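**Q** pasting the sequence and the predicted coordinates here, then a few questions.
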Amino acid sequence: MSDRRKFIKLSMLTSAALLAGKKLFANTAPDPEYKYPVVKDAAVVVSTWDFGKEANAAAWTVLGTGGRALDAVEKGVKVPEADPNNQSVGLGGRPDRDGKVTLDACIMDENSKCGSVAALEHIVHAISVARLVMEKTPHVMIVGDGALQFALENGFKKENLLTEKSEKEWKEWLKTSQYKPVKNIENALPGGKSNHDTIGMVAMDSNGNMSGACTTSGMAYKLHGRVGDSPIIGAGLYVDNEVGAATSTGVGEEVIRIVGSHLVVEFMRQGNDPETACRKAVERIIARNPAAAKEVQVGFLALNKKGQYGAYALQEGFSYSVKNGKVEEVYQAKSVFSSKKQ
Ligand code: ASP
């Protein structure tokens, strides 16, 4: 092939690629309405489940006084982490099948900086370790013994996270050792207790900056070393300061498979309001495996740059808590399936 023909062929290929690229870009470009629409003094915090209400109140001590969303979400989720009666987060969390309490957590700020720990033992405030990973290391994620070592080297105290109550329940569970992570809607444990929950919190401060935090002891009686969606950036939490933020709760495996929180944010980028974006992510789970989706719970919660929030779940029973200058409420998320509809 002559040089000239080679050149023409190359330019044709390049133009085609450029055209395809342009089209692709046009399809995924942010809706102009969602680009940097900083709403002044629209501070707001939302978090998963009804126990989020107390966590929101703690976050509000930062947001309500003009503080940074990042500080607010860390302070907020530390409340359930320190609560021994909350058996799905931090101290008192239900252990894995070997009796070990292992925590997963992540945090993300308005500059897309993020930090995460997974399968961390003996440290109550996993979220603060995740923040330190973000701020003090060139990494995003540290797991297991390495995460513990990092925490201890940075002054965190080694504690026993297994409370008497959680230990007693685990020993009861050992009698049958029924490991059914799939059939896992709200009342899976004996006595009607949920065997999973997480606090995911996203917030916007009065400067219009967004951050998020997510922390959990994960699925009760999971295999030792199992990591769910909660510490995985994009799955359990995602923050895009141009568009919005999202977090999730429920069976982490399902969330990871669709990279759920990132998907919700992308749906918002396409112009969907937060509730619709969450519903579309839930529908993605159903589309992937309709039969499995009926048996598990997943809930998404989202906040956009206008300060609008919304949630959606697979099953009824997912609640979320909201706090801003006007509202301090717990809402029930809509769901695709309900005991009545099924
Ligand atoms: N998403 C968490 C996990 O899979 C648990 C939960 O939110 O219920 O570890």
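**A** Thanks, I have it.
**Q** number of nearby residues for the residue of the stretch 101-250 of the chain at minimum distance from the ligand?
**A** Relative to the ligand, the nearest point of the stretch 101-250 of the chain is residue 228 (2.4 Å; Cβ to the nearest ligand atom). Every residue, glycine included, has its C-beta placed from N, CA and C. For residue 228, the count of nearby residues is 28 (other Cβ atoms under 10 Å).
**Q** gap between it and residue 214?
**A** Note on residue 228: its distance to residue 214, by Cβ to Cβ, to the nearest Å, is 10 Å.
**Q** between the two, what contacts are shared?
**A** Residues touching both residue 228 and residue 214 by Cβ atoms under 8 Å, 6 or more residues apart in numbering: 198, 236.
**Q** check which residues of stretch 197-216 are buried.
**A** Neighbour-count burial for stretch 197-216, with 16 or more other Cβ atoms under 10 Å as criterion, is recorded at 197-206, 208-216.
**Q** can you tell if that stretch touches the ligand?
**A** Yes: against the ligand, stretch 197-216 shows contacts by Cβ under 6 Å from any ligand atom at 197-198, 216.
**Q** would you turn those residues into CSV with pLDDT, secondary structure and distance to residue 280?
**A** Output for these, formatted as CSV (pLDDT from 0 to 100; DSSP: H, G, I helix; E, B strand; the rest coil; distance: Cβ to Cβ, whole Å):
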residue, pLDDT, secondary structure, distance to residue 280
197, 83, coil, 23
198, 94, coil, 21
216, 98, strand, 24
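**Q** so which bits of the stretch 101-250 of the chain are right by the ligand?
**A** 196-198, 216, 218-219, 228-230, 249-250.
**Q** and of these, the nearest to residue 140?
**A** Nearest to residue 140 out of those is residue 230 (Cβ to Cβ; 14.3 Å).
**Q** neighbours around residue 81, how many?
**A** Around residue 81 there are 28 residues (other Cβ under 10 Å).
**Q** just checking, it touches residue 129?
**A** No: assessed by Cβ atoms under 8 Å, residue 81 is found out of contact with residue 129, at 10.7 Å.
**Q** in the stretch 101-250 of the chain, which spans are helices?
**A** Using DSSP state H, counting those that start in this stretch, the helices of the stretch 101-250 of the chain run over 126-136, 144-153, 164-174.
**Q** residues contacting the last one, please?
**A** I take that to be helix 164-174. By Cβ under 8 Å, 6+ apart, helix 164-174 touches 84-85, 87, 92-95, 99, 101, 162, 189-190, 220-221.
**Q** repeat for the second one
**A** Taking Cβ under 8 Å, 6+ apart as the criterion, the residues outside helix 144-153 that touch it are 117-123, 129, 132-133, 137, 142, 158, 225.
**Q** and the angle for it with helix 126-136?
**A** Following axes from the mean of the first three to the mean of the last three Cα atoms, to 10 degrees, one obtains 80 degrees for the angle between helix 144-153 and helix 126-136.
**Q** so which bits of helix 144-153 are buried?
**A** For helix 144-153, burial by neighbour count (16+ other Cβ under 10 Å) applies to 147-148, 150-151.
**Q** tell me which two of those residues sit farthest apart.
**A** 148 and 150 (7.3 Å).
**Q** the lowest-mean-pLDDT helix or strand in the chain: what's the following helix or strand?
**A** Least confident helix or strand of the chain, by mean pLDDT, DSSP states H and E, is helix 3-28 with a mean of 43. Per DSSP states H and E, the first helix or strand lying C-terminal to helix 3-28 is strand 44-48.
**Q** ok, then the element right after that next one?
**A** helix 52-63.
**Q** pLDDT of that next one, averaged?
**A** Averaged over helix 52-63, pLDDT sits at 97.
**Q** helices or strands up against that helix?
**A** On a contact count with 3 or more Cβ pairs under 8 Å, 6 or more residues apart in numbering; DSSP states H and E, helix 52-63 meets strand 44-48, helix 69-82, strand 199-204, strand 319-324, strand 328-332.
**Q** redo those as a markdown table? Include distance to residue 265 and mean pLDDT.
**A** Listed next are those as a markdown table, based on distance: least, Cβ to Cβ, whole Å; pLDDT from 0 to 100:
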| stretch | distance to residue 265 | mean pLDDT |
| --- | --- | --- |
| strand 44-48 | 14 | 98 |
| helix 69-82 | 15 | 98 |
| strand 199-204 | 10 | 98 |
| strand 319-324 | 17 | 96 |
| strand 328-332 | 20 | 95 |
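**Q** what about stretch 270-277, start to end distance?
**A** Stretch 270-277 has an end-to-end distance of 9 Å (Cα to Cα, to the nearest Å).
**Q** and for stretch 115-133?
**A** With Cα to Cα, one end of stretch 115-133 sits 5 Å from the other.
**Q** that stretch: how far from the chain's middle?
**A** How far stretch 115-133 lies from its chain's middle: 15 Å, per Cα atoms, centre = their mean, to the nearest Å.
**Q** only the buried residues of it, if you could.
**A** For stretch 115-133, the neighbour count (16+ other Cβ under 10 Å) marks 115-133 as buried.
**Q** please apply the same query to stretch 106-115.
**A** 106-110, 114-115.
**Q** can you give the distance of that stretch from its chain's centre?
**A** With Cα atoms, centre = their mean as the basis, stretch 106-115 stands 12 Å off its chain's centre.
**Q** from here on, count from 191
**A** Renumbered: residue one is now 191, and that last one reads stretch 296-305.
**Q** identify the residues contacting it?
**A** Against stretch 296-305 from outside (Cβ under 8 Å, 6+ apart): 259-260, 263-264, 306-307, 317, 320-325, 327, 329-331, 399-405, 420-423, 426-431, 435.
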